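Undergrad: How does the following fold in three dimensions:
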Amino acid sequence: MIKLCVADSFPVVTEGLQSYFQGNSKAEIVGTAKNLESLLVFLDSRRCDILLLDVEFDGLSSIRDIKSLLKDFTATKIILFTNVSEQMYAPTAIKAGVSAYVSKKSNLKELEATILKVAEGKVVFSDTVKKSIEMLSKGKKSERLFKKLSTREIEVLRYLNDGKKNKEVAQILGLDEKTISTYKLRLLAKLNVTNLVDLLKKAKDLDII
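TA: Next comes the predicted model:
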């Protein structure tokens, strides 16, 4: 029996998954967490084969937190189950060691099938993600600008696209506001634009966000 843990800040998601997997012959939900602190407490005390984790999980500020989870709990595989853009986050997630990336727009049977594949040791990403990564890696130089961006820069870009100000981004990521300004300047330089509007437009054109 595959032991699952659901880390999601929205009860409707957690309760929905619990209902779906109740009585399942291959996988069972053995625990849930509503924030990073409670997740760490659970993982320290119980065995979990696969963690279903939302990128926007309360307390999860960056991909570095995901890397830490993978490092500290080596027996647990992570499936990102989220609404966050695959094009933006999947390449970074692959590098971090995540086993799968499933959109919350997917049906639960697709999620279940992914869980079974991950339990067998497979790495699962959608055809959309694979094509996007392939296109970006083989495309023109202008289409490969995303490779110049660090994980942190991508995260800052994501929050800026959400309409957040430098101060808000700094609070979310636990950084100084001046540091966020520095990241923004780097992004402008790397994407060869001069203002935030053009920066976000170019990032969208390149499917970075």
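
Undergrad: what's the spacing between the closest residue to residue 177 other than its chain neighbours and residue 44?
TA: Leaving aside its chain neighbours, residue 177 sits nearest to residue 170 (4.4 Å; criterion: Cβ to Cβ, 6 or more residues apart in numbering). Glycine gets a C-beta too; all of them are placed from N, C-alpha and C. From residue 170 over to residue 44 the distance is 30 Å, taken as Cβ to Cβ, to the nearest Å.

Undergrad: what about residue 26, neighbour count?
TA: Using other Cβ atoms under 10 Å, residue 26 is surrounded by 11 other residues.

Undergrad: so where do the helices sit in this structure?
TA: 11-21, 36-45, 63-72, 86-96, 108-119, 127-138, 151-161, 166-173, 177-190, 196-205 (DSSP state H).

Undergrad: Which one, of these, ends up nearest to residue 3?
TA: helix 108-119 (9.8 Å; Cβ to Cβ).

Undergrad: what does that closest one rub up against?
TA: Helix 108-119 has contacts (Cβ atoms under 8 Å, 6 or more residues apart in numbering) with 2, 4, 16-17, 20-21, 24, 26-27, 49-50, 52, 77, 79, 81, 99-100, 102, 124.

Undergrad: okay but residue 6 is in contact with residue 17, surely?
TA: Yes. Using Cβ atoms under 8 Å, residue 6 is in contact with residue 17, at 5.3 Å.

Undergrad: who's more crowded, these two?
TA: residue 6 (25 against 20).

Undergrad: mind checking how far the more buried one is from residue 152?
TA: 27 Å.

Undergrad: sorry, back to before: what is in contact with residue 6 and residue 17 at once?
TA: 29, 52.

Undergrad: Run through the chain and note the low-pLDDT ranges.
TA: 87-88, 128-148, 207, 209 (pLDDT under 70).

Undergrad: quick one, domains of it?
TA: 2-130, 140-205 (automatic domain parsing).
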